[in-house]
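Chemist: Predicted coordinates and the sequence they were generated for:
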Amino acid sequence: MAVREILEFEHPVLREKARKVPKVDSSIVRLLDDLAETMYAAPGAGLAANQIGVALRVCVVKGDENQHWGLVNPVLVKGEGSQVGYEGCLSFPGWVGEVERYETVVVKGLNRRGKEIRVKSSGFTARAFQHEIDHLDGILFTDRLTDLSTLRRAEEFEAETESEVHREAIEA
């Protein structure tokens, strides 16, 4: 396992549609391990293979309590509901923007043993799955902003959020 360099938004591989993996073999298992190690080191909530320069349909997504899913050839099977929230990206460091996503998703793909699995998730984890599958299709979160005016520096967003929480606490 190795921590790999994460490419930034201007790199052309991030705009390419990643190629389907024909077979899960030891090189794909190593890729899944490298993605997980890199995601945790960053730290992030997910990472797609093209973010480390590998144009294959492979990603990892972090769930609750430091568990994570490694998926090969992931596909969004079903999406329901709607959630609007701010998200960032390891390939777009220091920036966040408001994006609308499905509230609940079902994603299918192959696990590290080459067996098909389905994962149902909601909330933040569902958002992360959608974000990573978008990466594999050459789509960045900035392409999905509800409005360009919502794109802001992460520090500004955090300061605004903290002041809102503080203001609500005083008013309560």
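Modeler: Happy to help now that I have it.

Chemist: number of nearby residues for A2?
Modeler: For A2, the tally of surrounding residues (other CB atoms under 10 Å) stands at 10. For every residue, glycine as well, the C-beta is placed using N, CA and C.

Chemist: Show the backbone phi and psi for it.
Modeler: phi -150, psi 150 (degrees, to the nearest 10).

Chemist: residues in contact with it?
Modeler: 34, 37-38 (CB atoms under 8 Å, 6 or more residues apart in numbering).

Chemist: Most neighbours out of those, which is it?
Modeler: Counting neighbours by other CB under 10 Å, the top entry in the contacts of A2 is T38, with 22 neighbours.

Chemist: chain center to the longest strand along the chain, what's the gap?
Modeler: In the chain, with assignment by DSSP state E, the single longest strand is strand 68-80. Relative to its chain's centre, strand 68-80 lies at 11 Å (CA atoms, centre = their mean, to the nearest Å).

Chemist: what do you get for stretch 132-149?
Modeler: Counting by CA atoms, centre = their mean, stretch 132-149 comes out at 10 Å from the chain centroid.

Chemist: How about residues contacting it?
Modeler: Contact partners of stretch 132-149, identified using CB under 8 Å, 6+ apart, comprise 9, 14-18, 46-51, 57-61, 74-76, 84, 87-89, 91-92, 97-101, 107, 131, 151.

Chemist: taking the mean pLDDT, what do you get for that stretch?
Modeler: Per-residue pLDDT over stretch 132-149 has a mean of 97.

Chemist: do the same with stretch 81-100
Modeler: Mean predicted lDDT for stretch 81-100 stands at 96.

Chemist: Report the buried residues of that stretch.
Modeler: 83, 86-92, 95-99 (16 or more other CB atoms under 10 Å).

Chemist: Among those, which one sits closest to S26?
Modeler: L90 (25.6 Å; CB to CB).

Chemist: can you confirm that closest one is in a helix?
Modeler: No - L90 sits outside any helix when classified using DSSP: H, G, I helix; E, B strand; the rest coil, being coil.

Chemist: so how far is stretch 121-129 off the chain centroid?
Modeler: Counting by CA atoms, centre = their mean, stretch 121-129 comes out at 9 Å from the chain centroid.

Chemist: which parts of that stretch are buried?
Modeler: Using 16+ other CB under 10 Å as the burial criterion, the residues of stretch 121-129 that qualify are 121, 125-129.

Chemist: Next one: G63 from G46, what distance?
Modeler: Counting by CB to CB, to the nearest Å, the separation of G63 from G46 is 10 Å.
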